[in-house]
Structure formats: C-alpha cells, structure tokens
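>>> let me see the structure of the following:
(one chain, ligands or ions: 2)
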Amino acid sequence: MASSQKYIVLDDDYTGYPLDMFCIPKHYEDSLEHVLIPAGLIDDRIERLARDIIQDFRNEALTGLCVLKGGYKFFTDLLDKIKALNRNSEESVPLAVDFIRVKSYTDTTSGELQVTGIDNLDHLKGKNVLIVEDIIDTGKTMKRLLDVLQKHNPKSIKVASLLTKRRPGIGVYKPDYMGFEVPNKFVVGYALDYNEYFRDLSHICVINQSGIEKYTSKK
Ligand SMILES: Nc1nc2c(ncn2[C@@H]2O[C@H](COP(=O)(O)O)[C@@H](O)[C@H]2O)c(=O)[nH]1
Ligand SMILES: [Mg+2]
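Ligands and ions are numbered 1, 2, ... in the order given. The predicted structure is shown next:
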C-alpha cells in the first residue's frame, strides 16, 4: 500500500471469512456469502479515522451530519471515538450533530434520489460540516448531497464514508476520510440494509442470491 493511501483496500479476490467463524443471527445464516469486514476490524478502523479527524480539525468546532439510515452506526461509533479522544488528549473538537435522510436504493438497484432534511439546514451556515455516510458506490448520492448543502453556505464541508466501492471505468468520488475500499458487490450489515433487512447484523457481509430473493421488494 502506498504511504499516501489513507484507506484499506479489499481486493476483488478477497473473500473475507466463512460465516461459521463468527456469530451470525440465525435468521440471516442462509442469506449471506461471507463476512467481508468483521465488527472488530470496523471498530479499530473507526478509531483511527477519529484520530485523523481530530488532528485535522484541531480545536475548530465541527457539525457531524449523519446520512440516515445507513450511516447511523458509523456516525454514532465515530462520534463516540472522537468524544473519547476529546476527553483524553491535548486537542479537542467541539461537536454538534445533525441528521439528513437520503434514499436511492430498492433491492440492489439505484433509483431516483430523495433527500429530506430532518431539520431545516439553514443553521449550517458558517459551520464546518462533516458528512458521515455508510458507502459511496457511483458517487451520485454524495454529489447531490454536496450540491444541496453548499446552498446553505457552510464554512467547510468534509466527507467521511466507511466504505467506497471499486468501480473500474467510472471516476468514483473519493471522500476525505475513508475506511475501506471494497469490491463491487452488494454489502449488508453494520446498518447497511437490503430493503430494510440486515441493519441488525454486526459484521459487514456480502449478500447471496438466496438472500436477494428472500428479502426482495417484488413479492
Ligand atoms: N446496503 C447497501 N447500500 C448500498 C450499497 N451500495 C450503495 N448503497 C446505497 O446507495 C448509496 C450510495 O450510492 P451511490 O451510487 O449514489 O454512490 C449509499 O448511501 C447506500 O445507501 C451496498 O453495497 N449495500
Ligand atoms: Mg447511505
């Protein structure tokens, strides 16, 4: 890995871990291919992202903007780590939180994007905003979100995404803070859903054909 590359790359031939090496809820056992990123590794990677964020923002206040629903686990875990560092280091970053809801996927297909603010976003004016997202695939969602937020005149906008998908041939948006680059497969768990299922799975896993059919929206 090049030293300037600040994320972990999971290669296309990387198949992670067999399901029976981890505790998987019984109701999902037959719907998953393998464990791609175990919960413990997610946790350790987020700890390092929190440190990078604190070092970059130094003592400047930050508004964490959680992209619901998929980003909620990453958001709460990232903020917990930043809060722990705030308690225990020389540098500390005052934190505010906000939420936005974005929906684009049905089954494994991206459709028309709906962005709904939970609050009016005018109070982001003059603030350092950190968008916290679960995964960037084509990058369309993030580009649209950045357009929406720029209209509210924040002082700065940075993006943290736990995952980005490797999409050869298209120039995918690369966030400022990024956990893992993953192969172009549909992943679930750690709040990432398939038609609202699998948010209750701790590890990030690849869904299999049986899971796609069992939880399809077309029944
Ligand atoms: N559960 C999963 N959700 C996914 C996956 N890939 C994308 N997504 C959802 O779409 C947006 C980003 O898509 P983009 O094409 O506009 O970049 C992301 O916020 C997710 O909600 C996936 O593999 N699993
Ligand atoms: Mg999302």
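>>> so F57 is in contact with K127, correct?
No: with contacts counted by C-beta atoms under 8 Å, F57 stays clear of K127, the gap being 11.9 Å. Backbone N, C-alpha and C define where each C-beta goes, glycine included.
>>> which residues of the protein lie near ligand 2?
G70, D134 (C-beta under 5 Å from the ion).
>>> quick one: least confident helix or strand in the chain?
strand 109-117 (a mean of 70; mean pLDDT, DSSP states H and E).
>>> check which element follows that strand along the chain.
The helix or strand immediately downstream of strand 109-117 is strand 128-136, counting by DSSP states H and E.
>>> is ligand 1 within reach of the next helix or strand after that following strand?
Counting by DSSP H and E, the element after strand 128-136 in chain order, helix or strand, is helix 140-150. Yes: against ligand 1, helix 140-150 shows contacts by C-beta under 6 Å from any ligand atom at K140, T141.
>>> can you check stretch 183-195 too?
Yes: using C-beta under 6 Å from any ligand atom, stretch 183-195 reaches ligand 1 at F186, V187, V188, L192, D193, Y194.
>>> for burial, what's the neighbour tally of the first one?
In terms of burial, F186 registers 18 neighbours under the definition other C-beta atoms under 10 Å.
>>> what pLDDT does it get?
At F186, the model reports a pLDDT of 96.
>>> residues contacting it?
Contacts here follow C-beta atoms under 8 Å, 6 or more residues apart in numbering; on that basis F186 touches T108, Y194, V206, I207, I212.
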